[in-house]
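*Asks:* this one's sequence-less:
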């Protein structure tokens, strides 16, 4: 009985993909513009591990342009890499080192190296996940996929059983970017092409 009491069921349960930003609803008294100020500063505030913050936090940017969506995609990519490779995407010694990596191109090289590591893991989907990871970690937030696109790709790997490399992989990602049409050789099993959102 005591042995069963201490049985552990290992696993990872992701409860929330959300981004931690200051409370928006008025639950306490503060200056009149407090919530607007906090939302405006949210993407510039370093509230946790700075290495999981997207590069645009440390670059000139258009205010409130990338809260959610492509902003969160960067953090999801860092988490995806950690789950698959069992190590951090990058561990700079300081915010200054991280900012230097952003500006001198080192971060882009680190991302390419990590994508190559993921490709060597022979994950389900062929080269889809390493390519998706690299896209999610694009230093330019406007060039990253939306959250819905990331979810769509994961759906395609899990349920459509897509396994792509080479020119088919390129056509698939061009399709996701809206440049080309792509249909698997056997067609879509669970969705039509216009149901990709």
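*Replies:* All right, it came through fine. Nothing here was measured: the structure is a model prediction, and the numbers come from that model.

*Asks:* and the nearest residue to residue 87 once chain neighbours are set aside, what pLDDT?
*Replies:* Nearest-residue entry for residue 87: residue 81, 8.0 Å, with adjacent residues in sequence omitted and distances by Cβ to Cβ, 6 or more residues apart in numbering. Every C-beta, even on glycine, is put in place using the N, C-alpha and C of the backbone. Looking at residue 81, its pLDDT is 93.

*Asks:* so where does residue 81 fall, helix or strand?
*Replies:* Here residue 81 sits within helix 70-85, counting by DSSP states H and E.

*Asks:* buried residues in that helix?
*Replies:* By neighbour count with 16 or more other Cβ atoms under 10 Å, helix 70-85 contains the buried residues 70, 71, 72, 73, 74, 75, 76, 77, 78, 80, 81, 84.

*Asks:* tell me, how many residues neighbour residue 87?
*Replies:* 11 (other Cβ atoms under 10 Å).

*Asks:* what's the pLDDT at the residue lying closest to residue 82 once chain neighbours are set aside?
*Replies:* The spatial neighbour of residue 82 that comes closest, neighbours along the chain excluded (Cβ to Cβ, 6+ apart), is residue 88 at 6.0 Å. At residue 88, the model reports a pLDDT of 89.

*Asks:* how deep is residue 88 tucked in, by neighbour count?
*Replies:* 14.

*Asks:* ok, residue 127 touching residue 167?
*Replies:* No. Shown here, residue 127 and residue 167 do not form a contact pair, counting by Cβ atoms under 8 Å, at 11.5 Å.

*Asks:* grab the nearest non-local neighbour of residue 189.
*Replies:* Residue 189's closest residue in space is residue 160 (Cβ to Cβ, 6+ apart), at 5.8 Å.

*Asks:* against residue 121, how distant is that neighbour?
*Replies:* To residue 121, residue 160 is 21 Å away according to Cβ to Cβ, to the nearest Å.

*Asks:* of the two, who's got more company?
*Replies:* Set residue 160 next to residue 121 and count neighbours by other Cβ under 10 Å: residue 160 wins out with 18 against 10.

*Asks:* so that one sits in a strand?
*Replies:* No. Counting by DSSP: H, G, I helix; E, B strand; the rest coil, residue 160 falls outside a strand, being coil.

*Asks:* any weak-confidence spans in the protein?
*Replies:* 1-51, 61-69, 192-197 (pLDDT under 70).

*Asks:* alright, that wraps it up for me.
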